[in-house]
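Engineer: mind looking at a prediction? Sequence and model below.
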Amino acid sequence: QVQLVESGGGAVQPGGSLKLSCAASGSIFRVNAMGWFRQAPGKERELVATIRTNGNTNYADSVKSRFTISRDNAKNTVHLQMDSLNSGDTAVYFCYADLEVVGQFGRIEESDDYWGQGTQVTVSA
């Protein structure tokens, strides 16, 4: 069993900051990438930012220069520092991980995508 547990969501005024964190736990053999996606009401889930084990990052154009993703490989944890927030950032933010897990009889399973439950971020005056 693998769990992704998110924390740090909430409400903030435009121009404010929030930091999201996500910890992966369970029968994890290898973490290939972690990151964040978001889904606003009536819209599809979209990429926010991802970070690979080697440190390579990928950001959505809409958050570049405002958001910073970081990762603690030893703790299987990913963070998203969000600055200069605006109303367009209001959404449910989902933690994402590309994992290889230890399956039945100790077999290493092929990498797969895992998701957290989501945390609400609301930017409003």
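Structural biologist: Sure thing, it's come through. Keep in mind that what you see is a predicted model, and the values were worked out from it rather than measured. Numbering: from 1, shown residues only.
Engineer: the protein: strands as residue ranges?
Structural biologist: 2-7, 10-12, 18-26, 28-39, 46-52, 57-59, 67-72, 77-82, 91-101, 112-115, 119-123 (DSSP state E).
Engineer: can I get the ones you listed in a markdown table including mean neighbour count?
Structural biologist: C-beta coordinates here come from the backbone N, C-alpha and C atoms, glycine included. Output for the strands of the chain, formatted as a markdown table (neighbours: other C-beta atoms under 10 Å):
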| stretch | mean neighbour count |
| --- | --- |
| strand 2-7 | 16 |
| strand 10-12 | 14 |
| strand 18-26 | 18 |
| strand 28-39 | 19 |
| strand 46-52 | 19 |
| strand 57-59 | 15 |
| strand 67-72 | 18 |
| strand 77-82 | 22 |
| strand 91-101 | 21 |
| strand 112-115 | 13 |
| strand 119-123 | 18 |
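Engineer: in CSV: the ones you listed, plus mean pLDDT.
Structural biologist: Listed next are the strands of the chain as CSV, based on pLDDT from 0 to 100:
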stretch, mean pLDDT
strand 2-7, 96
strand 10-12, 98
strand 18-26, 97
strand 28-39, 96
strand 46-52, 98
strand 57-59, 98
strand 67-72, 97
strand 77-82, 98
strand 91-101, 97
strand 112-115, 96
strand 119-123, 98
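Engineer: tell me the contacts of residue 125?
Structural biologist: 13-14 (C-beta atoms under 8 Å, 6 or more residues apart in numbering).
Engineer: how about residue 29?
Structural biologist: 99-102, 108-109.
Engineer: separation between residue 30 and residue 69?
Structural biologist: From residue 30 across to residue 69, the span is 19 Å (C-beta to C-beta, to the nearest Å).
Engineer: and the closest residue to residue 120 other than its chain neighbours, how close does it get to residue 122?
Structural biologist: Using C-beta to C-beta, 6 or more residues apart in numbering and skipping residues adjacent in sequence, the residue nearest residue 120 is residue 9, 5.1 Å away. Applying C-beta to C-beta, the value for residue 9 to residue 122 is 8 Å.
Engineer: now for residue 22: which residues touch it?
Structural biologist: 4-7, 34, 36, 77-79, 95, 97, 116.
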